[in-house]
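Q: One predicted model, sequence on top.
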Amino acid sequence: MKLIHCEFNIDTASVELRFDDGTEISIYTPGVDDEICPTIPMQTEIDWLIYNEPLTYARLVFSGELEQYARDMAGTHQLED
């Protein structure tokens, strides 16, 4: 199976993946958020992924590493003085 398309569909709040064999997978992003209960900084990182790198988001969801990724990334940004 080869991935041929991946994008965030704002109308359905889902990351949608389409494969060359006709298989389609839709990840409902609010449902994922409900499972990991992110903090505001974590949610910011997750939202950035959804809008800018939906394929990376999907990979992290499928691998079970999204929460840890968001925790790690949320701790790396700080406000400048």
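A: It's in. Residues are numbered from 1 along each chain as shown.

Q: Wasn't Glu35 part of a helix?
A: Yes - counting by DSSP: H, G, I helix; E, B strand; the rest coil, Glu35 falls inside a helix.

Q: low-scoring pLDDT stretches of this protein, where are they?
A: Applying pLDDT under 70 to the chain flags residues 76-81.

Q: make it 50
A: Along the chain, segments meeting pLDDT under 50 span 79, 81.

Q: So what touches stretch 11-27?
A: 1-9, 28-30, 50, 54-55, 57-58, 61 (Cβ atoms under 8 Å, 6 or more residues apart in numbering). The way it works is simple: take the backbone N, C-alpha and C, and place the C-beta from them, glycine included.

Q: Buried ones among those?
A: Neighbour-count burial (16 or more other Cβ atoms under 10 Å) applied to the contacts of stretch 11-27 gives 6, 8, 29, 50, 54, 57-58, 61.

Q: Show only the entries of these found in strands.
A: Among those, the members found in strands (DSSP state E) are 6, 8.

Q: Switch the buried ones among the contacts of stretch 11-27 over to a markdown table; also include distance to Val15.
A: Converted to a markdown table, the buried ones among the contacts of stretch 11-27 look like this (distance: Cβ to Cβ, whole Å):
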| residue | distance to Val15 |
| --- | --- |
| Cys6 | 7 |
| Phe8 | 5 |
| Thr29 | 6 |
| Ile50 | 6 |
| Pro54 | 5 |
| Tyr57 | 6 |
| Ala58 | 5 |
| Val61 | 8 |
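
Q: what about the longest helix in the protein?
A: helix 40-52 (DSSP state H).
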